[in-house]
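Chemist: Turn this into a model:
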Amino acid sequence: MTKTKITTIIFDLGNVLVDVNYKQFTEAMHWDHDQFIKFTSSDFFTAFEAGEHSTDEFFNELSKYIPLQKGDRARYCNNLDKKFPLRPRTWAKIHYLKRKYRIVLFSNTNSLDYEAIDKKLEIKRVIRYSYVSFVEGYNKPDPRSYKRVEELFNIDSAETLFVDDKAENIEAARKVGWQAEQVESEKHLFDILEEYGLI
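Modeler: Now for the predicted structure:
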């Protein structure tokens, strides 16, 4: 792909800006890991990330997979930082990049996870332009989510680089004309940024 001048960098959240470690989270909660993964892979969870269900409905559905105990709802929220360990070097790089480029967050996420990450990173303050699926109503790789990002932030597709950990999201981005690269690790993200001359 011919690389052109980049003015906007769009970042996915999980496995790009932060790690995703469900095993560490379920161990902290003393929950059956496989059952929790089954829940997060369900159609309900996908719909929750599109803003179609309330938090109460979320925990009601979760209880069908995990036998919830009194206090588990509060413990869930208090342990979410274990699900999303920080990538300090990546986060430092965001602060550097935002001085030269417009930084956009484009994430399939839900209110519980997003608020927990914001509490730790102040992500809403640091990244001024954010598309989060539970607010906007469309998950990647739905083409409507990409169109909405373009509308919200007046994206010039030719000058945009999108980085995400999932191949289907990268493919959808390329279909709308964005330059897009699949991230395999933190080191790989830095290699991509360097390849595009951004760091």
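
Chemist: CA only for contacts and neighbour counts going forward, please
Modeler: OK.

Chemist: Residue 62 versus the residue nearest in space to the middle of the chain, what's the distance?
Modeler: In the chain, the C-alpha closest to the average C-alpha coordinate belongs to residue 13, at a distance of 2.8 Å (Cα atoms, centre = their mean). From residue 13 across to residue 62, the span is 23 Å (Cα to Cα, to the nearest Å).

Chemist: those strands in this structure, which residues are they?
Modeler: For the chain, the strands defined by DSSP state E cover 8-11, 102-107, 129-132, 160-164, 179-182.

Chemist: Quick one: residues contacting residue 53.
Modeler: For residue 53, the contact set (Cα atoms under 8 Å, 6 or more residues apart in numbering) comprises residue 47.

Chemist: Ok, residue 54 next?
Modeler: residue 48.

Chemist: And it, its phi and psi?
Modeler: phi -80, psi 170 (degrees, to the nearest 10).

Chemist: what's the nearest residue to residue 87 if we skip its chain neighbours?
Modeler: Leaving aside its chain neighbours, residue 87 sits nearest to residue 18 (5.3 Å; criterion: Cα to Cα, 6 or more residues apart in numbering).

Chemist: what do you get for residue 14?
Modeler: Residue 14's closest residue in space is residue 20 (Cα to Cα, 6+ apart), at 5.9 Å.

Chemist: Likewise for residue 31?
Modeler: Here the residue nearest residue 31, using Cα to Cα, 6+ apart, is residue 66, at 7.0 Å.

Chemist: Go ahead and confirm that neighbour touches residue 33.
Modeler: No - using Cα atoms under 8 Å, residue 66 is not in contact with residue 33, being 9.6 Å away.

Chemist: any weak-confidence spans in the chain?
Modeler: Scanning the chain for pLDDT under 70 picks out 1-4.

Chemist: Tell me how it divides into domains.
Modeler: For the chain, automatic domain parsing gives the domain ranges 8-19+85-195, 22-82.

Chemist: just those: most buried one?
Modeler: domain 8-19+85-195 (a mean of 17; mean count of other Cα atoms under 10 Å).

Chemist: Could you work out the end-to-end span of it for me?
Modeler: First-to-last residue span, domain 8-19+85-195, Cα to Cα: 15 Å.

Chemist: now swap in stretch 93-105 and tell me
Modeler: 14 Å.

Chemist: and the residue nearest to residue 14, how many neighbours?
Modeler: 18 (other Cα atoms under 10 Å).

Chemist: Contacts only, for residue 50.
Modeler: 108, 109, 110, 133, 134, 135, 136, 137, 138, 139.

Chemist: my read: the second one touches residue 133, true?
Modeler: Yes - using Cα under 8 Å as the test, residue 109 is close enough to residue 133 to be in contact (5.9 Å).
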